[in-house]
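Asks: test case, fold it:
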Amino acid sequence: MTTSDGTDRIDRERLRSLFLFEALDDEKLGHLQEHGRVIRRDAGAWIYTEGDPAECFYVVLAGEVAMTRRVRGDEVEVSRTSQPGVYGGATQAYMSGMKQVYPNGMRAVTDVELLVLPAQIIADAMKSWYPMAMHLLDGLFIGMQNMQTVIGERERLLALGQLSAGLTHELNNPAAAAVRATAALRDRIAAMRHKLAMIADGRLDGSKLRQLVGLQEAAVERVAKAPELSPLQVSDAEDELGDWLDDHGIAGGWELAPTLVAGGVEVAWLDQVDATVGPENLEAAVRWLTYTLDTELMMREIDDAVARISGLVGAAKQYSQLDRAPFQTVDVHVLLDATMAMFAAKIPSGVRVVKEYDRSLPAIPAYAAELNQVWTNLIDNALGAMAGEGVLTLRTGRQEDLLLVEVTDTGPGIPPEVRPRIFEPFFTTKPIGEGTGLGLDISYRIVVKKHHGDIRVESEPGRTTFRVCLPLKDA
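Replies: Residues are numbered from 1 along each chain as shown. As a prediction, the model looks like this:
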């Protein structure tokens, strides 16, 4: 039957064949027949667009359609189907008090035929035909929405708090070292000025003083070239220098020896100092040169501390992607290293971290900050599974047109009965209050729905691997 506007009405038996309406009696089917119409759309055409006023309810009769969601300006396909009876559009028309807009978009993949019903007809039918179901759905929808909002915010705050605490702890160590070294450096410089005054009060002629200054410069160079010694070698060297200082009448040689050894000084070099200044000025010269070495070692300590702080701040900025475009071309290794830097304080001493990176992999287009959230969730779960002891392995590689990132732990594994549910929202194996079950759900949505990739898991006792597959090119 064709209506006055040129569209067709649906046959009652065809309407009854759709799973949505198969249990309705003739009166209700007639009501839907009266208000519904059949339309056709060509392949590639939009049936409705996300965010537009939700005026119609659509049921697929024939053909294939795709559901889409808009993510930061991009249309992302979330599902595709050709099953008759699948519906979309004004699916929340029964809810009162809410601005009704299409929650997603629907696009014709092939030529399609659809049944269209006004949103108000669906709303009235739900309220009058299924009043109890309508109340249940209303409460379920609002309750789940509110719970996911609150718990999601709480989850993010807890994760941020843990990482912030770890970052603060990591920053505190080099900052405290720099403060201590600066305070000690001030004392050493004051003592060095005092010793220099004693040396330069006329006891040494100009040529010897210049030689002593030359020795000072040589001492500074020795610090930069000082070899790495084992604890036993350090102890033997300190004993040897201590004996030399005692034999030459320098009091407290055991206090000076550690600094001289750390600065790369040997007995032969002290003999050269002795030959330059003479026995009467040897102690003042040795102490002055020791202060020189000490100040240089402290400045290196300050430099190392400041570099560590700068590196942590850089890692935090890389992790948060502050001041960076949300979608950009990124090196996943940089993102992984930034995430690990944020985890430095949380990694137990019994856990060994192994990195097996394929550095030949190209940069990929991605939402960097959100990939960091994926790495955070996977690494946090791996550390929790190992309970303080084991090996955490980060591995990257390539499989055809996909980039692979693997996070492997040596924990007890995921029980087979649990594995099918790990990506479900709110599912968690942690004790009540210790997990919301959103981490893997969020990771799945970021990888699969936002990056058009995949996330898989392989688990057995002693080895669990989460494998993230990301397209090498922008989808």
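Asks: all helices for the stretch 1-150 of the chain, in order.
Replies: For the stretch 1-150 of the chain, helices defined by DSSP state H, counting those that start in this stretch occupy the ranges 12-16, 26-35, 119-129, 131-199.
Asks: show me the contacts for residue 406.
Replies: 393, 394, 395, 396, 397, 465, 466, 467, 468 (CB atoms under 8 Å, 6 or more residues apart in numbering). C-beta: built from backbone N, CA, C; applies to glycine.
Asks: as a markdown table, the residues you listed with neighbour count, pLDDT and secondary structure would be great.
Replies: Listed next are the contacts of residue 406 as a markdown table, based on neighbours: other CB atoms under 10 Å; pLDDT from 0 to 100; DSSP: H, G, I helix; E, B strand; the rest coil:
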| residue | neighbour count | pLDDT | secondary structure |
| --- | --- | --- | --- |
| 393 | 18 | 96 | strand |
| 394 | 23 | 96 | strand |
| 395 | 17 | 96 | strand |
| 396 | 19 | 96 | strand |
| 397 | 15 | 95 | strand |
| 465 | 16 | 95 | strand |
| 466 | 24 | 94 | strand |
| 467 | 19 | 94 | strand |
| 468 | 25 | 95 | strand |
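Asks: what's the closest of those residues to residue 330?
Replies: Ranked by distance to residue 330 (CB to CB), these are led by residue 396 at 12.7 Å.
Asks: against residue 108, how distant is the residue nearest in space to the middle of the chain?
Replies: By CA atoms, centre = their mean, the chain has its centre lying nearest to residue 372, at 2.7 Å. Counting by CB to CB, to the nearest Å, the gap between residue 372 and residue 108 amounts to 37 Å.
Asks: one more: residue 44?
Replies: Residue 44 is 6 Å from residue 108, by CB to CB.
Asks: these two: which is more packed in?
Replies: residue 108 (21 against 10; other CB atoms under 10 Å).
Asks: for the more buried one, which non-adjacent residue is spatially closest?
Replies: Spatial nearest neighbour of residue 108, excluding adjacent residues (CB to CB, 6 or more residues apart in numbering): residue 41 at 4.5 Å.
Asks: can you list the weak-confidence ranges in the stretch 101-250 of the chain?
Replies: For the stretch 101-250 of the chain, the stretches with pLDDT under 70 are 131-173, 175, 177, 185-209.
Asks: thinking again about what came up before, which ones are touching the residue nearest to residue 108?
Replies: For residue 41, the contact set (CB under 8 Å, 6+ apart) comprises 47, 108, 111, 112, 114.
Asks: of the residues you listed, which belong to strands?
Replies: 47, 108, 112, 114 (DSSP state E).
Asks: residues in contact with the last one?
Replies: Neighbour list for residue 114: 38, 39, 40, 41, 47, 58, 59, 60, 61 [criterion: CB under 8 Å, 6+ apart].
Asks: next one: residue 290
Replies: With contact set as CB under 8 Å, 6+ apart, residue 290 has these partners: 256, 259, 260.
Asks: I'd assumed residue 286 was in contact with the first one.
Replies: Yes: counting by CB atoms under 8 Å, a contact exists between residue 256 and residue 286, whose distance comes to 6.9 Å.
Asks: what sits in contact with each of these two?
Replies: With CB under 8 Å, 6+ apart as the test, residue 256 and residue 286 both reach 245, 250.
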